[in-house]
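Student: build me a structure from this.
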Amino acid sequence: MSMVVDNRHDAQATEFKDEYPDSRPLSTPDIEEAHTDELPPDGGLTAWLVVLGAWCAMFCSYGWLHSVGVFQDYYQTVMFPHDSASKISWIPSLEVFLMLGLGPIFGRLSDTVGPRAVVIVGSFLHVFGLMMASISTEYYQVLLSQGICSSIGLSAIAQPALSIIPSWFNERLGTAYGVMSSGAGIAGVILPVMVSRLIDKASFGWAMRSIAFLILFLLIIASLTIRERVPPRPETLNKETILRPFHDVKMVLLVSGCVLLTLGMWIPLDYIITSALAGGMRPSLGQWLVPIQNAGGIVGRTLSGVFADEIGSYNVFISFSICTGILVLALWIPATSNAATIVFDVLFGIVSGAYFSLVVAVVACIAPPQEIGYWSGVSFMFASVAGLVTGPIAGAILAHDDGSYWGMKVYSGVLILVGSTLVLGTRVLQTGLVLRAKF
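Tutor: As a prediction, the model looks like this:
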């Protein structure tokens, strides 16, 4: 009987070999690699070192964006007093636009050549751009160095750091994203104050160089610790790969929702100080509103990540976003005293934390594992357009209302609520009308 079975097995093996002549038996490394693809370690020294590197990348990229408002004020009042505010605003606007808009390119490169190489190139461009800005004296020089060169580096730093986390974490993915994104919040507290003090005590040039040296140190850590778990698999970019996200209805709803959320969320970020000053707040107190908001953001980003592991990334992302829209309409509009404005500032920082910390996590829930970088980059690309136009739109509403912030605040809150509803549509398509589904 044993001989009959062995002969049958040999015959099947011969037949298979004839049909697939290039095949070979699976070796132990093949099996281990397949197992590695399926099961992220969800912890361990290497995984948390990757989170450390991503934390440094967030500090130097998104954290840097939270401090550019200080330079906007300096350029407008000291360095280029004869240029219009709208002309100067192209510098921070380009930073946001290029950082988010180049997401698909650097996300794809991260997927195919590995995140470390992309981060190293981005580190050079970011630091080089800041160093060149420190010796710039003309508007076009600052625009090229800080607005373009540094901004391209920001995208190359941020996108790989955001997209590599899902390959290392599964059950604790939200916590990992929460810890990682806290780097941007901490930078948002430290850098604006640090830049203001350095400009006052030293000079603009040394303020920029000092920040550049700090960023260089952190990016060296990021370059040494960020790594892929599964070796990158270079593939030829084709039409099917490019269009795949747009053929997924869940992704289309998610991207549409994130565009509206971006249009709404950035208005309180950009106008919290000016609206407070218009309401009678002293400038000496108003300058602390951004660090206060970012301090709340540290709490919100971390907590939203922890909650996401318990009840699902979409559930936390949607509920926090809805709370943000309600908060804008219910508290920011009627806030007339300093105390009410500060309370709104802190609470907004907390509840908006999920928008910043979980945006890639919600994409990762519906994207093919090997294309998370590209899919999240597509989301950022469309959000970049929203980030580019939201300031001018809000400013136009403000001008139309003769300086009243009521219409702009209503516009912000409604957009956030509608955007949250579209993201909820993605969840419904995935889970159905199951209220307690973890997703």
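Student: disregarding residues adjacent in the polypeptide, which is nearest to residue 334?
Tutor: residue 340 (7.4 Å; CB to CB, 6 or more residues apart in numbering). Every C-beta, even on glycine, is put in place using the N, C-alpha and C of the backbone.
Student: element containing the one you found, please.
Tutor: helix 338-351 (DSSP states H and E).
Student: how many neighbours does the residue nearest to residue 334 have?
Tutor: Neighbours of residue 340 under the rule other CB atoms under 10 Å: 14.
Student: now swap in the one 5 residues further on and tell me
Tutor: Other residues near residue 345 number 25, with proximity taken as other CB under 10 Å.
Student: quick one: contacts for it?
Tutor: Shown in contact with residue 345 (CB atoms under 8 Å, 6 or more residues apart in numbering): 272, 289, 292-293, 296.
Student: how much space separates the residue nearest to residue 334 from residue 195?
Tutor: Distance, residue 340 to residue 195, by CB to CB, to the nearest Å: 28 Å.
Student: where along the stretch 101-250 of the chain do the helices fall?
Tutor: 103-113, 115-134, 139-142, 150-164, 173-201, 204-225, 239-243, 249-278 (DSSP state H, counting those that start in this stretch).
Student: right, and out of the contacts of residue 345, which lies closest to residue 428?
Tutor: Distance to residue 428 across these (CB to CB) is lowest for residue 296, with 30.1 Å.
Student: and for that closest one, the neighbour number?
Tutor: By other CB under 10 Å, neighbour count at residue 296 equals 21.
Student: and the helix or strand hosting it with helix 249-278, angle?
Tutor: Under the criterion of DSSP H and E, residue 296 resides in helix 289-311. If you take axes from the mean of the first three to the mean of the last three CA atoms, to 10 degrees, helix 289-311 sits at 150 degrees to helix 249-278.
Student: re earlier: which one of the contacts of residue 345 is nearest residue 410?
Tutor: Nearest member of those to residue 410, counting by CB to CB, is residue 272, at 15.9 Å.
Student: now the closest one: closest residue in space that isn't a chain neighbour?
Tutor: Computed as CB to CB, 6+ apart, the closest residue to residue 272 that is not its neighbour in sequence is residue 289, at 5.2 Å.
Student: now do the one you found, the pLDDT please.
Tutor: pLDDT for residue 289: 86.
Student: and it, how far is that from residue 394?
Tutor: Remark: distance between residue 289 and residue 394 (CB to CB) = 17 Å.
Student: can you check residue 171 too?
Tutor: Taken as CB to CB, the span from residue 171 to residue 394 is 40 Å.
Student: what does residue 140 give?
Tutor: Plainly put, residue 140 is 27 Å away from residue 394 if you go by CB to CB.
Student: out of those two, which sits in the busier spot?
Tutor: Between residue 140 and residue 394, counting by other CB under 10 Å, residue 394 is the more crowded of the two (23 against 9).
Student: measure how the helix or strand hosting that one sits relative to helix 249-278, angle-wise.
Tutor: Remark: residue 394 resides in helix 372-400, with elements defined by DSSP H and E. Going by the same axes, to 10 degrees, helix 372-400 is angled at 40 degrees with respect to helix 249-278.
Student: in this structure, which residue is closest to the centre?
Tutor: For the chain, the residue nearest the mean C-alpha position is residue 356 (5.8 Å; CA atoms, centre = their mean).
Student: for it, give me phi and psi.
Tutor: phi -90, psi -30 (degrees, to the nearest 10).
Student: how many neighbouring residues does the nearest residue to residue 114 once chain neighbours are set aside have?
Tutor: Counting by CB to CB, 6+ apart, residue 114 lies nearest to residue 232, which is 4.6 Å off, once chain neighbours are set aside. Residues lying near residue 232 (other CB under 10 Å) number 16.
Student: tell me which residues in stretch 316-329 are buried?
Tutor: Neighbour-count burial for stretch 316-329 flags 316-325, 327-329 (criterion: 16 or more other CB atoms under 10 Å).
Student: next, count neighbours for the residue nearest to residue 290 when sequence neighbours are not counted.
Tutor: Once flanking residues are discounted, residue 290 sits nearest to residue 192: 5.6 Å by CB to CB, 6+ apart. Residues contacting residue 192 under the criterion other CB under 10 Å number 22.
Student: who touches residue 192 in this structure?
Tutor: 66-67, 69-70, 290-291.
Student: equivalent analysis for residue 196, please.
Tutor: Contacts of residue 196 (CB under 8 Å, 6+ apart): 70, 287.
Student: after the helix holding residue 296, next one along is what?
Tutor: Counting by DSSP H and E, what follows helix 289-311 is helix 313-327.
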